[in-house]
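Enquirer: sequence? don't have it. structure:
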């Protein structure tokens, strides 16, 4: 029997998704549960086990040879534990050991969700063919991951690429992480919306005060909405330029809900990048939208499992 | 005859140093010329060729199998060219080709000077045994380099680790590089001195207004001098924390003239690191002084040549 599949888990604060994925990145079977995020750790784990149960119950399971997990962070790949900010019942929770048990002892690879999305974009999306890339998710939070020298750089604990929590404004506003002026504190969706409201922007009759509504207002020319996106773009540009200056990347891929704002974000971002990416070796850096959809986390977790369990870099990560 | 040596060149704005280095990192022969930095490119190259001439004239030269160059930046390792800021006669200068000719066709490895110092600290200095490290030079400028996954990460162009020019203050003072609020713009020796003078500090009878004099004043309790070092430490901490958050390093090594200020810099730096390195996976990060002396550039250039020309990672880089 071929062992040509891997199992993938994408664990977030809203849903727990699972899949069997083939060597070409195609999802051949899937399962999903809502995350009981506010309940105790064992209850959350039971939802993971239900997803795994659906996967292991199929005849396809016999072809699976490894499990990849992309989880909301922080994670600790070296210890095999996770402590997702939005799942308080899991603190240093031994997820790898539990998933290995549910998978009949298969090898398990754990990475952070930003790293997983990066693996997916590098394998099949906008970063394909790029040996040095930063992939970002700009949404409720700001996450990311790195490809260096043609391979996923997840770091010893699986958290590398955490661009949302680098400070680009060392005297700036306090961030929930404890630092000041983090990229996320300026550029996340809620902060774009907050800044627009603080500046006097008001939502329309539908009452929608999300970053998407601010983006719509910016497209319509509202100067406060435009300014709020420009400030987010400036912080993202400073963070992307810092990353390029530190590790030499040639492409930055922007995904997530705020990333979907399109030119309202990307135009000022590309302009601001010219202000911060000044050294000769970072001037060729390009910024492009993400290409992978909602399955990016699953596909990336599968890529990580494939890369670690094969001698070849079949998954290109 | 054994081919157990490499030649090393350390090219800066003040001097051009050359050496033959053995597989244990020992310098077995050396040569040096002042850099005619303000003269035309060919004149600068003749000084390099004089240094190479001394090396190739010795009986030891027959044992050399490669040349490593650590050069003031920016460099372009992929093109084999250098454009040192302080050597205006060299712009996209084909240094690798010229040195290869002077070395009788031996393979030549080019890296930036910050990367070279990092290679030296990882091979024989304070970063020895660390698989993920940032090494910095805090001096007239601020440079650096990275070790990731146990290997030197020089990047496609040999400039990776350029921490002096990441922005930690996106609305801050304009930097000569064109960006704002770069680490170097806040933390370099001249900027420490300038800030102390702006704050009302005055040099003693000897008229020394260098960062070293500010450090002496800070040690004696001068509050303006203390504050200037604290601000530099804050910028360095934000930059180091950003690096750790992006790529996961567990040690930061600080060298260079300002690094020699000791606790006047390191105490506020370690304190400020607690303010910016907040995520769980970066909290174990330590900051230590550099151990390599003035030969660091030569030893690091040798390490890079050894690593690229051997199948084994003899030099640990």
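Expert: Perfect, thanks for sending it. Quantities reported herein were computed from a predicted structural model and do not represent experimental measurements.
Enquirer: So which elements touch the one helix or strand residue A:300 maps to?
Expert: Secondary-structure element containing residue A:300, defined by DSSP states H and E: helix A:296-309. On a contact count with 3 or more Cβ pairs under 8 Å, 6 or more residues apart in numbering or on different chains; DSSP states H and E, helix A:296-309 meets strand A:5-11, strand A:15-22, strand A:27-34, strand A:64-71, strand A:108-112, helix A:113-124, strand A:151-153. Heads up, the C-betas are built off the backbone N, CA and C, glycines and all.
Enquirer: Looking at the ones you listed, which is nearest to chain B?
Expert: strand A:151-153 (6.7 Å; Cβ to the nearest Cβ).
Enquirer: can you tell me if that closest one touches chain B.
Expert: Yes: in this structure, strand A:151-153 sits against chain B according to Cβ under 8 Å from any Cβ of the partner chain; the contacting residues are residue A:153.
Enquirer: Quick check: residue A:229 touching residue A:261?
Expert: Yes: taking Cβ atoms under 8 Å as the contact criterion, residue A:229 and residue A:261 are neighbours in contact, 6.9 Å apart.
Enquirer: how about TSV for the helices and strands packed on helix A:296-309, with mean neighbour count and mean pLDDT added?
Expert: Formatted as TSV, the entries for those read as follows, by neighbours: other Cβ atoms under 10 Å in any protein chain shown; pLDDT from 0 to 100:
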stretch	mean neighbour count	mean pLDDT
strand A:5-11	29	97
strand A:15-22	23	97
strand A:27-34	15	97
strand A:64-71	27	97
strand A:108-112	28	96
helix A:113-124	31	96
strand A:151-153	22	95
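Enquirer: Output these as TSV; include the columns distance to residue A:307.
Expert: Written out in TSV, the entries for the helices and strands packed on helix A:296-309 read as follows (distance: least, Cβ to Cβ, whole Å):
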stretch	distance to residue A:307
strand A:5-11	10
strand A:15-22	13
strand A:27-34	18
strand A:64-71	9
strand A:108-112	8
helix A:113-124	8
strand A:151-153	7
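Enquirer: among the ones you listed, which is nearest residue A:250?
Expert: For these, proximity to residue A:250 was assessed by Cβ to Cβ; helix A:113-124 is nearest, at 12.7 Å.
Enquirer: Setting aside sequence neighbours, what's the nearest residue to residue A:269?
Expert: Spatial nearest neighbour of residue A:269, chain neighbours left out: residue A:233 (4.0 Å); criterion: Cβ to Cβ, 6 or more residues apart in numbering or on different chains.
Enquirer: Could you verify that the one you found is part of a helix?
Expert: Yes: when DSSP: H, G, I helix; E, B strand; the rest coil is applied, residue A:233 is found to be in a helix.
Enquirer: Starting from residue A:71, give me the distance back to it.
Expert: Taking Cβ to Cβ, to the nearest Å as the criterion, residue A:233 is separated from residue A:71 by 29 Å.
Enquirer: got it, and residue A:183?
Expert: In this structure, residue A:183 and residue A:71 are separated by 21 Å, where distance is defined by Cβ to Cβ.
Enquirer: Same check on residue A:187?
Expert: From residue A:187 to residue A:71 the distance is 23 Å (Cβ to Cβ).
Enquirer: do residue A:62 as well
Expert: When distance is defined by Cβ to Cβ, residue A:62 is 26 Å away from residue A:71.
Enquirer: orientation of the host helix or strand of residue A:227 relative to helix B:223-247 in degrees?
Expert: Taking DSSP H and E as the definition, residue A:227 sits inside helix A:223-247. Our comparison of helix A:223-247 with helix B:223-247, counting by axes from the mean of the first three to the mean of the last three Cα atoms, to 10 degrees, yields an angle of 80 degrees.
Enquirer: which residues does the residue nearest the centre of chain A contact?
Expert: In chain A, the C-alpha nearest the mean C-alpha coordinate belongs to residue A:114, at 2.7 Å (Cα atoms, centre = their mean). Contacts were defined as Cβ atoms under 8 Å, 6 or more residues apart in numbering or on different chains; by that measure residue A:114 touches A:73, A:135-137, A:143-145, A:161-162.
Enquirer: Name the nearest of those relative to residue B:13.
Expert: For residue B:13, the closest of these turns out to be residue A:161, at 34.8 Å, with distances computed as Cβ to Cβ.
Enquirer: Quick check, the closest one in contact with residue A:148.
Expert: No: proximity of residue A:161 to residue A:148 does not meet the contact threshold set by Cβ under 8 Å, at 9.8 Å.
Enquirer: quick one, which of these two is more surrounded?
Expert: Neighbour tally, residue A:161 and residue A:148, criterion other Cβ atoms under 10 Å in any protein chain shown: the higher count belongs to residue A:161, 31 against 24.
Enquirer: So that one, which state does it fall into?
Expert: Counting by three-state DSSP, the backbone at residue A:161 sits in coil.
Enquirer: Setting aside sequence neighbours, what's the nearest residue to it?
Expert: Of all residues not flanking residue A:161 in the chain, residue A:145 sits nearest, at 3.7 Å (Cβ to Cβ, 6+ apart).
Enquirer: Would you mind naming the residues that bridge with that neighbour?
Expert: Partner residues in beta bridges with residue A:145, using DSSP bridges, are residue A:135.
Enquirer: What about it, how many residues nearby?
Expert: 35.
Enquirer: so where's the stretch 201-317 of chain A shaky on pLDDT?
Expert: The stretch 201-317 of chain A contains residues with pLDDT under 70 at A:310-317.
Enquirer: Mind jotting down where the strands sit in the stretch 51-200 of chain A?
Expert: Taking DSSP state E, counting those that start in this stretch as the test, the strands found in the stretch 51-200 of chain A are A:64-71, A:75-76, A:81-82, A:108-112, A:133-138, A:142-148, A:151-153.
Enquirer: Compile those strands into a markdown table and extend it with columns for distance to residue B:256.
Expert: A markdown table is the format used below for the strands of the stretch 51-200 of chain A (distance: least, Cβ to Cβ, whole Å):
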| stretch | distance to residue B:256 |
| --- | --- |
| strand A:64-71 | 40 |
| strand A:75-76 | 34 |
| strand A:81-82 | 38 |
| strand A:108-112 | 34 |
| strand A:133-138 | 28 |
| strand A:142-148 | 26 |
| strand A:151-153 | 27 |
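Enquirer: How far does stretch A:136-152 sit from its chain's centre?
Expert: The gap between the average C-alpha position of stretch A:136-152 and the chain average comes to 6 Å, counting by Cα atoms, centre = their mean, to the nearest Å.
Enquirer: residues of that stretch that come out buried?
Expert: Of all the residues in stretch A:136-152, those buried under the rule 16 or more other Cβ atoms under 10 Å in any protein chain shown are A:136-149, A:151-152.
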